[in-house]
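# what's the 3D shape of this:
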Amino acid sequence: MAGHTRKVRSWLPDWRREALRTNLWLVPTLLTLAVVALFAITYTIDQAAYHGDLTLPAWMNEGSADAGRQVLSAIAAGVITVAGVVFSVTIVVLTLASQQFGPRMLRNFIRDFGTQVSLGAFVATFVFSVLSLGSINSSSARQFVPHLTITVCLFLLLVDVAVLIYFIHHTAVTIQLPQVMAGISADLHAAIDMQFPLEPGLGQVDAEHATDVDVVTRRLSAEGITIPSRTSGYLQFVRHERLVDIATEHDSVVQLLYRPGHFVTTGLPMARVWPPETAAACREALDKAHVAGPYRTLSQDPVFAIDQLVEIAIRALSPAVNDTFTALTCIDWLTDGLCEVTRRYLPRGVYRDDARVIRVIEPSPDYSRIVNRACDKVRQAGRGMPAVLIRQMDGISKVIATTTSDAQREVLMRQVDMILRAGEDDIEEANDRRDLEVRHQAIVRQYQQFGHHPTATDDLD
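Sure, this is the predicted structure:
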């Protein structure tokens, strides 16, 4: 896999989309602007009907100006009250999620589109009703009552009733732990699809080109000049295409020392540039091409979703919670994610310009790092718990069945051996240790004769 490169593609920056998704103001604002435009349309039609340019259906007659004001005032008061309740429920859900799932789960709930639309629907209806209320004019001899506008407001009220029912159901479903883990798994699969292709494709190069990459890397280490970071935080996104363009313009090569998900520190090296005389020009490009912040995102960091599942698992295994079944469910979803990663091609972090000249090099994704992040902390937290260790064994057996190289199987067998040692050291019951040994022996046979599944054993429920 080390002999492959990545082809630079141009896309809308995912970190911008992620930032826009992870807030509670964007969707309500857009819906509010939409109802303002809707009010402008209905008000124009009402004005045309008022001057006799067109005729509205008779069933739209809402009575006098006072009657219209009463209807709209009741709608505005009721809707804003419900909106306050919905905001309160949302805050309670966020507090509960932070306590039960961990603070890193808050962003998953904030970015939930159903919650954003629910909040926006009530706010938008309130704005529409207030605008409609202000449009009624009874000062002249002939009162102006916007019949169409009031009818549309009544329709929006019916929509809000449906949205309220949906919000209650949606909140009750999304707060359930299995649903939370399934959502994280879906995010993991989406991140894997974006970062790890099914096969090398057009980025594949031969051994000679792979040697060129090694030569460039050594030259960067020996002759390149380091550029320190000007900010601290988690690296969220890297604009590789921008760096390639700048490096091509100055005929230089940039080696990034961190991948998205790593923590960068002000004043410490962030990249190397060769030749040294181009460092000044590349420094500004590096600052603009790197997006760092106080939290990690899934934009270019699939491991973040794995860490979220691991966090839920180790919280469940803590003495204060002691929820073994939640940990087992996390292991199942981690197994699913590892199976998907194992089937994928982990491209080497090499970016070339149109002339196929190497311009940007970044640390390559490491399969062993991904597996270790998914297994180590759960194994450590589950020491002395046969159910957890056995489920991990069963999960790794499934992952081994999807492997495509001996290197992958060696990484997984290392985890299997550590799980066995953890069980032998901390499990007191001999029969529990034997169950673990049976799984281990079956996986060893699977490893030795790859393609044959391990001896069938029932999952420990």
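# Now do residue 155 against residue 148, distance only.
Applying CB to CB, to the nearest Å, the value for residue 155 to residue 148 is 11 Å. Heads up, the C-betas are built off the backbone N, CA and C, glycines and all.
# which one of those two has more residues nearby?
residue 148 (20 against 11; other CB atoms under 10 Å).
# check which helix or strand covers the more buried one.
Secondary structure assignment for residue 148, by DSSP states H and E: helix 147-174.
# List the contacts of residue 424.
433, 436 (CB atoms under 8 Å, 6 or more residues apart in numbering).
# For the helix or strand containing it, what does the pLDDT average out to?
According to DSSP H and E, residue 424 maps onto helix 406-426. Mean pLDDT, helix 406-426: 94.
# Now that helix: buried residues?
Under the neighbour-count criterion of 16 or more other CB atoms under 10 Å, helix 406-426 has 408, 409, 411, 412, 413, 415, 416, 418, 419, 420, 422, 423 buried.
# Kindly report the same for stretch 432-446.
Within stretch 432-446, the residues that qualify as buried are 432, 433, 435, 436, 439, 440, 442, 443, 446, counting by 16+ other CB under 10 Å.
# out of those, who's nearest residue 226?
Nearest to residue 226 out of the buried residues of stretch 432-446 is residue 443 (CB to CB; 44.1 Å).
# Report the separation between that closest one and residue 121.
In this view, residue 443 and residue 121 are 52 Å apart by CB to CB.
# picking that back up, relative to residue 336, which of the buried residues of helix 406-426 is nearest.
Out of those, the member with the shortest distance to residue 336 (by CB to CB) is residue 412, at 15.0 Å.
# circling back to that earlier point, any chance of the buried residues of stretch 432-446 in CSV, with pLDDT, distance to residue 278 and secondary structure too?
Shown next, in CSV, are the buried residues of stretch 432-446 (pLDDT from 0 to 100; distance: CB to CB, whole Å; DSSP: H, G, I helix; E, B strand; the rest coil):
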residue, pLDDT, distance to residue 278, secondary structure
432, 92, 62, helix
433, 92, 61, helix
435, 94, 61, helix
436, 94, 57, helix
439, 93, 55, helix
440, 94, 54, helix
442, 93, 56, helix
443, 94, 51, helix
446, 91, 52, helix
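# buried set for stretch 317-325?
317, 323.
# what does stretch 181-199 contact?
With CB under 8 Å, 6+ apart, stretch 181-199 has contacts from 14, 108, 174, 298-302, 304-306, 308-309, 312, 329-330, 333, 336-337, 340-341, 343-347, 365.
# what do you get for stretch 325-337?
Contact with stretch 325-337 is made by 177-178, 181-182, 184-185, 188-189, 192, 305-306, 309-310, 312-314, 316-317, 374-375, 378, 381-382, 387-388, 391-392, 395-396, 398-399, as judged by CB under 8 Å, 6+ apart.
# do that again at 6 Å, thanks
Contacts with stretch 325-337, where a contact means CB atoms under 6 Å, 6 or more residues apart in numbering, come from 177, 181, 185, 188, 309, 312-313, 316-317, 374, 388, 391-392, 395, 398.
# Same question for stretch 146-165.
With contacts defined as CB under 6 Å, 6+ apart, stretch 146-165 is touched by 42-43, 45-46, 56, 60-62, 68, 75, 118, 121-122, 125, 128-129, 132, 135.
# next one: that stretch to chain centre, how far?
Its chain's C-alpha centre and that of stretch 146-165 lie 34 Å apart, by CA atoms, centre = their mean, to the nearest Å.
# For that stretch, list every residue counted as buried.
So, applying 16+ other CB under 10 Å, buried residues of stretch 146-165: 146-153, 156-157, 160, 163-164.
# do the same with stretch 224-236
224, 225, 227, 229, 233, 234, 235, 236.
# Isn't the fourth one up against residue 270?
Right, residue 229. Yes: using CB atoms under 6 Å, residue 229 makes contact with residue 270 at a distance of 3.9 Å.
# Please identify every residue contacting each of the two.
Shared contacts of residue 229 and residue 270, defined by CB under 6 Å, 6+ apart, comprise residue 264.
# so where is the stretch 1-150 of the chain shaky, pLDDT-wise?
Low-confidence segments of the stretch 1-150 of the chain (pLDDT under 70): 1-16, 62, 140-141.
# Return the member of the contacts of stretch 325-337 nearest to residue 100.
Set against residue 100, the nearest of those by CB to CB is residue 177 (7.6 Å).
# Spit out the contact partners of residue 398.
Each residue near residue 398 by CB under 6 Å, 6+ apart is listed here: residue 335.
# just how off-centre is the helix or strand encompassing it within its chain?
Assigned by DSSP H and E, residue 398 belongs to helix 386-400. Distance of helix 386-400 from its chain centroid, counting by CA atoms, centre = their mean, is 26 Å.
# Equivalent analysis for stretch 338-346, please.
18 Å.
# Wait, a strand at residue 227?
Yes: the assignment for residue 227 is a strand, going by DSSP: H, G, I helix; E, B strand; the rest coil.
# Could you pull out the strands in this protein for me?
Per DSSP state E, the chain carries strands over the ranges 225-228, 233-238, 253-256, 263-264, 269-274, 290-293, 350-352, 358-361.
# Name the residues that touch the first one?
By CB under 6 Å, 6+ apart, the residues outside strand 225-228 that reach it are 267, 269, 270, 271, 272, 273, 276, 279, 283, 286.
# in its sheet, what does that strand sit against?
Here strand 225-228 is paired, per DSSP bridges, with strand 269-274 (antiparallel).
# do the same with the second one
Strand 233-238 has the following sheet partners, assigned by DSSP bridges: strand 263-264 (antiparallel), strand 290-293 (antiparallel).
# what's the angle from the longest helix belonging to the chain to helix 147-174?
Identified as the longest helix of the chain according to DSSP state H is helix 65-101. Comparing the axes of helix 65-101 and helix 147-174 via axes from the mean of the first three to the mean of the last three CA atoms, to 10 degrees yields an angle of 20 degrees.
# what comes up buried for helix 65-101?
65, 68-69, 71-72, 75-76, 78-80, 82-83, 86, 90, 93-94, 97, 100-101.
# what distance separates it from the centre of its chain?
Its chain's C-alpha centre and that of helix 65-101 lie 28 Å apart, by CA atoms, centre = their mean.
# What of stretch 120-131?
The chain centroid and the centroid of stretch 120-131 are separated by 30 Å, computed with CA atoms, centre = their mean.
# Show me what it is in contact with.
Outside stretch 120-131, the residues within contact range by CB under 6 Å, 6+ apart are 27-28, 31-32, 35, 39, 72, 75-76, 79-80, 82-83, 153, 156, 160, 163.
# Got the domain ranges for this structure?
15-175, 201-293, 302-344+366-448 (automatic domain parsing).
# CA atoms only: put the helix holding residue 398 into CSV for me.
In CSV, the C-alpha atoms belonging to helix 386-400 read as follows (Å, rounded to 0.1, in the frame of the first residue of the first chain):
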residue,chain,number,x,y,z
PRO,A,386,-15.3,-12.4,30.4
ALA,A,387,-18.3,-11.2,28.4
VAL,A,388,-16.4,-8.2,27.1
LEU,A,389,-13.2,-10.0,26.2
ILE,A,390,-15.1,-12.9,24.6
ARG,A,391,-17.2,-10.4,22.5
GLN,A,392,-13.9,-8.7,21.4
MET,A,393,-12.5,-12.1,20.4
ASP,A,394,-15.7,-12.8,18.3
GLY,A,395,-15.5,-9.4,16.7
ILE,A,396,-11.9,-9.7,15.7
SER,A,397,-12.7,-13.1,14.2
LYS,A,398,-15.2,-11.4,11.9
VAL,A,399,-12.7,-8.7,11.0
ILE,A,400,-10.0,-11.3,10.1
